[in-house]
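Colleague: Dropping the sequence and predicted coords here.
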Amino acid sequence: MNKGHTINVLDKGYVQYIDSMGDDTYPVRAARMSTSGSFVSWEPYEGHPRGDQGILEYLYKNQHNTPFEMGDLILEVKAPIFVFRQWQRHRTQSFNEFSARYSFMPDEHYVPALDRVKGSSASNKQGSGEPLTEGLSADFIEAVRNEQADVYQTYESWSQTGVANELSRINTPVSRYSKMWAKANLRNWLAFETLRLAPDAQWEVQEYAKAVADIIKALWPRCYGLFEKYTLEARSFTKAERDAMCQLLLAPDSVVHLKTLFSSEAAYKEFMAKLVA
Ligand SMILES: Cc1cc2nc3c(=O)[nH]c(=O)nc-3n(C[C@H](O)[C@H](O)[C@H](O)COP(=O)(O)OP(=O)(O)OC[C@H]3O[C@@H](n4cnc5c(N)ncnc54)[C@H](O)[C@@H]3O)c2cc1C
């Protein structure tokens, strides 16, 4: 992926790849350094039938996390301020944001698309649920647009009158677009992705997390594949849930032929070890 590659998000936002350090070999190199070795090959070689994918997977699967901190990624993000409010909770990232004290702010606000406007979710108090009638959604969007225009006009006119930027901007809305650089190491970008790709994250933030995922996938395809396998698509179970699984799957008259569900004897044995450990 070339530096400057930009992925558009929402109506006026984007995520842009600024710079990075390291690739999929870095976690392997860092881990092997501790035993005076290095990365050898992704192809099979003596004693390593899966090449160095084997050690990469071993590290990720067993949460040997520090080798995944050896890669760094800087992104430029243009997003509504309410997205930044959530994004900047991730304290392991470093941020540098556009200064609305120093600069006059452009007239750029997020206006949700008609089909984004939904009622409250019945199952998740923080989330959105079913679509509203088209008329109600359209009224909401028009009201949002009008209010943004009114507030911006007030901001602009007070600024022109000579009020300092840092004061004329104080009533502007969280739908206003801002820009920032965000930097973190690969481990912490993946932690961000775990929380912000999840279905309970706000839809707008998920859209940004998808763009970030595309960039990580292009730069660290193997690490991202392991993240999908062991984190994003994986689930953990409570004791009660595990007991229920044991009861169902290990009952003498169980209709599930467990072994047949696994691609290899080793995978089957690993699952059994987890189930009954
Ligand atoms: C769906 C969703 C809803 C949310 N709702 C709310 C809400 O209503 N109100 C609200 O205030 N927040 C809310 N949050 C924010 C959430 O509580 C976290 O602040 C945010 O997700 C950042 O996660 P983090 O702390 O793991 O990340 P980071 O700050 O990046 O930290 C990464 C990891 O570093 C370690 N770490 C960092 N700082 C410390 C520290 N000071 N002490 C100990 N360990 C540390 C922890 O292991 C942490 O997991 C919500 C988040 C999500 C995803």
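Modeller: It's in. Numbering: from 1, shown residues only.
Colleague: dump the residue contacts of L190.
Modeller: Counting by CB atoms under 8 Å, 6 or more residues apart in numbering, L190 touches F68, I216, C223, Y224, F227, T231. For glycine as for every other residue, the C-beta is placed from the backbone atoms N, C-alpha and C.
Colleague: Within reach of the ligand, which of those residues are there?
Modeller: Filtering these for neighbours of the ligand using CB under 6 Å from any ligand atom leaves an empty set.
Colleague: Contacts only, for the residue of the stretch 101-250 of the chain found nearest the ligand.
Modeller: Residue nearest to the ligand within the stretch 101-250 of the chain: L195 (3.9 Å; CB to the nearest ligand atom). Listed by CB under 8 Å, 6+ apart, the contact set of L195 reads A201.
Colleague: Could you verify that it is part of a helix?
Modeller: Yes. Counting by DSSP: H, G, I helix; E, B strand; the rest coil, L195 is part of a helix.
Colleague: separation between it and S94?
Modeller: Relative to S94, L195 is positioned 18 Å away (CB to CB, to the nearest Å).
Colleague: ditto for A234
Modeller: In terms of CB to CB, A234 sits 29 Å off from S94.
Colleague: more crowded one of the two?
Modeller: S94 (12 against 9; other CB atoms under 10 Å).
Colleague: Could you report the separation of that one from D150?
Modeller: Taking CB to CB, one finds S94 at 36 Å from D150.
Colleague: and the lengthiest helix in the chain, what other elements does it pack with?
Modeller: Across the chain, the longest stretch assigned as helix under DSSP state H is helix 134-161. Helix 134-161 is packed against helix 165-168, with contacts defined by 3 or more CB pairs under 8 Å, 6 or more residues apart in numbering; DSSP states H and E.
Colleague: Now the helix it packs on - C-alpha only, PDB.
Modeller: Taking C-alpha atoms only, helix 165-168 is exported to PDB below (Å, rounded to 0.1, in the frame of the first residue of the first chain):
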ATOM      1  CA  ASN A 165     -11.300  31.500  17.500                       C
ATOM      2  CA  GLU A 166     -11.000  29.800  20.800                       C
ATOM      3  CA  LEU A 167     -14.200  31.500  21.900                       C
ATOM      4  CA  SER A 168     -16.200  31.900  18.700                       C
END
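Colleague: Output the contacting helices and strands for it.
Modeller: helix 134-161.
Colleague: any idea of the mean pLDDT in the helix it packs on?
Modeller: Over the span of helix 134-161, the pLDDT mean works out to 96.
Colleague: go on, stretch 206-214?
Modeller: Stretch 206-214 comes out at a mean pLDDT of 98.
Colleague: Let me see the residues that make contact with the helix or strand where A30 lies.
Modeller: Take DSSP states H and E as the rule and A30 turns out to sit in helix 25-33. With contact meaning CB under 8 Å, 6+ apart, helix 25-33 is reached by 38-39, 52, 55-56, 59-60, 64, 66-68, 70-71, 223.
Colleague: who in the stretch 1-150 of the chain is up against the ligand?
Modeller: So far as CB under 6 Å from any ligand atom goes, the stretch 1-150 of the chain lies against the ligand at R89, H90, R91, T92.
Colleague: again, only this time at 8 Å
Modeller: Within the stretch 1-150 of the chain, the residues that sit near the ligand (CB under 8 Å from any ligand atom) are Q86, R89, H90, R91, T92, Q93, Q126.
Colleague: got the contact list for the last one?
Modeller: By CB under 8 Å, 6+ apart, the contact list for Q126 reads D200, Q202.
Colleague: Likewise for the fifth one?
Modeller: Each residue near T92 by CB under 8 Å, 6+ apart is listed here: A184, N185, N188, A191.
Colleague: Before we go further, it is sitting in a strand, right?
Modeller: No. Assessed by three-state DSSP, T92 does not belong to a strand; its assignment is coil.
Colleague: Look up the pLDDT of it for me, please.
Modeller: So, for T92, pLDDT stands at 97.
Colleague: Any chance of the backbone angles for it?
Modeller: Note on T92: backbone dihedrals following degrees, to the nearest 10 are phi -80, psi 0.
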